[in-house]
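# let me see the structure of the following:
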Amino acid sequence: FDDRYAQPISHFPDGIIAKELRAVVRPFILRRTKAGVLSDLPPKTEVVRECVFGARQRKLYDALSIALHEAIGERERRRKDARTRLSVLTAMLRLRQLVCDPRLVDPTVSADDSAKRLAFLDLVRELVSEERRALVFSQFVELFTLWREDLDRLGIAYEYLDGSTTDRDAVVDRFQNGNAPLFLVSLKAGGAGLNLTAADTVILCDPWWNPAAEAQAMDRAHRPGQSRPVTVVRLVAEGTIEDKLAMLKRTKRDLAEAVLEADD
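Have a look, this model is predicted:
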């Protein structure tokens with residue numbers, strides 16, 4: 001598939017190969033887009049808030065990045081060894097965690113060495129001052145454990161949902177009908193199936209491999225019953241593995257649009 005379709009379509013989205021693939025899949029797809037079905041929804045705006053590393057976080061990131069490239073090199077030399085594949089995946093996970101908050105990798109690092117933590121707290125203060133309410137998504141439960149300490153210290157109320165939450169309905173009801181400005185939600189626990197229209201802002205603390213998963217998370221607020229415009233804020237550290245994630249998702253999205261979005 002990669003050789004026959006994905007690579008050619010990535011270079012020529014409207015070329016003959018894209019048309020060939022569209023002809024193959026068209027009889028099996030009935031697609032209704034959200035924009036076409038829910039035309040009365042308020043607008044949704046996506047913005048990127050860049051997080052600039054300090055010297056300490058950059059040094060830690062560069063050192064771990066070197067270790068990742070060494071693991072990839074070893075993987076190339078020993079393709080059939082499952083252990084090298086695991087070491088590559090582990091190093092990538094650690095890089096993504098370090099971008100969010102270095103303490104997820106090294107507990108001895110200062111909290112102030114996390115560029116995303118500082119950006120997140122600045123954003124939260126803005127939202128509270130404007131009396132807005134936000135959903136905060138991350139795939140790292142440990143990140144919320146650290147950042148909840150900051151919210152408690154600042155006296156900012158929040159609701160919290162992860163895989164260990166037993167009474168999900170009660171937590172959702174408290175946010176929907178309460179006054180807490182923040183709802184911290186882990187991706188696996190609340191990325192789909194929840195109606196959280198009390199919020200008009202969605203904060204994505206870390207990018208995910210699957211663009212559809214991000215879209216599902218945004219839709220917790222941007223869905224029927226929402227009367228206000230919704231703003232999605234992505235916290236992104238440029239010059240990191242998050243750039244590679246963004247590039248991968250753009251490639252996936254472009255391929256899907258080349259196959260599904262055409263009018264012919």
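
# please make it C-alpha for all contacts and neighbour counts, starting now.
Fine.

# find the residue at the geometric middle of this structure.
What sits nearest the mean C-alpha location of the chain, by Cα atoms, centre = their mean, is residue 207, with 3.2 Å.

# doesn't that one lie inside a helix?
No. Checked against DSSP: H, G, I helix; E, B strand; the rest coil, residue 207 lies outside a helix; its state is coil.

# next, work out how far apart it and residue 242 are.
For residue 207, the distance to residue 242 equals 7 Å [Cα to Cα, to the nearest Å].

# need the overlap of contacts for those two.
Residues touching both residue 207 and residue 242 (Cα atoms under 8 Å, 6 or more residues apart in numbering): residue 236.

# quick revisit: look up how far residue 217 lies from the residue nearest to the centre of the chain.
Where residue 217 is concerned, residue 207 sits at a distance of 11 Å (Cα to Cα).

# and the strands in the stretch 151-264 of the chain, which stretches?
Along the stretch 151-264 of the chain, the segments classed as strands by DSSP state E, counting those that start in this stretch run 158-161, 182-186, 201-204, 230-236.

# okay, residue 244: pLDDT?
At residue 244, the pLDDT value in this model is 85.

# what of residue 209?
As summarised for this prediction, residue 209 has a pLDDT of 80.

# what about the closest residue to it other than its chain neighbours, how many residues nearby?
Once its chain neighbours are removed from consideration, residue 209 has its nearest residue in residue 245; the separation is 6.4 Å (Cα to Cα, 6 or more residues apart in numbering). Summarising burial for residue 245: neighbours were counted as other Cα atoms under 10 Å, giving 16.

# for residue 245, give me its contacts.
By Cα under 8 Å, 6+ apart, the contact list for residue 245 reads 207, 208, 209.

# closest to residue 7 out of those residues?
residue 209 (19.2 Å; Cα to Cα).

# what about residue 20, neighbour count?
Burial of residue 20 is recorded as 12 neighbouring residues (other Cα under 10 Å).

# typo on my end, it should be residue 161
Each residue near residue 161 was counted by other Cα under 10 Å, and the total is 21.

# outside of the helix or strand that contains residue 59, which residues touch it?
Using DSSP states H and E, residue 59 falls within helix 55-77. Residues from elsewhere that reach helix 55-77, judged by Cα under 8 Å, 6+ apart: 81, 84-85, 87-88, 91-92, 94-95, 98-99, 102, 113-115.
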